[in-house]
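>>> Just need the structure, nothing else, for what follows:
(one chain, ligands or ions: 1)
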Amino acid sequence: MMDKIFLSGMKFYSYHGVFAEENKLGQIFIVDAVLTLDLKEAGKTDDLETTINYGEAYQLIEKEMETPSKLLEHVAERIVRALFEQYERLEEVTIKITKQNPPIAGHYDGVGIEINRVR
Ligand SMILES: Nc1nc2c(c(=O)[nH]1)N=C([C@H](O)[C@@H](O)CO)CN2
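Numbering: from 1, shown residues only. The predicted structure is shown next:
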């Protein structure tokens, strides 16, 4: 069983979407991230340099969320790429992005996507 760092329920106001109204008005997106890596060294040494600083990972995700894409799939792939480029020790990533109030009639808690990528 591999170790994990998680960032859950991150909320961003962004402009991703297929429709012009979404690109113009924007909406809230909820992002959940799970980063898989070995946390034994950090557990032994108590040294932040031996793990991934989740505060720094948050900023990286925030930066990608600020760049508009049409599809949530595209946003998620950009986040994964940025994380793998930044963190050599990262082995696997899961990114889930939810739109709570997309322009779709009906009753639901949210719609969205989740991707999992292994380096
Ligand atoms: N698989 C996907 N389907 C849809 C997406 C998406 O990003 N991935 N986006 C939309 C619209 O932007 C949505 O917000 C409203 O219909 C539609 N389907």
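>>> touching the ligand at all, the longest helix seen in the chain?
In the chain, assigned by DSSP state H, the helix with the most residues is helix 72-86. Yes - using C-beta under 6 Å from any ligand atom, helix 72-86 reaches the ligand at L72, E73. Any C-beta I mention is one placed from the backbone N, CA and C, and that applies to glycine too.
>>> can you give me how far the helix or strand just after that helix is from the chain middle?
Per DSSP states H and E, the first helix or strand lying C-terminal to helix 72-86 is strand 92-99. Relative to its chain's centre, strand 92-99 lies at 5 Å (C-alpha atoms, centre = their mean, to the nearest Å).
>>> partners of the helix or strand just after strand 92-99 in the sheet?
Next helix or strand after strand 92-99 toward the C-terminus (DSSP H and E): strand 111-118. Taking DSSP bridges as the criterion, strand 111-118 sits next to strand 92-99 (antiparallel) in its sheet.
>>> residues making contact with the partner strand?
By C-beta atoms under 8 Å, 6 or more residues apart in numbering, the residues outside strand 92-99 that reach it are 2, 27-36, 72, 75-76, 79-80, 83-84, 110-119.
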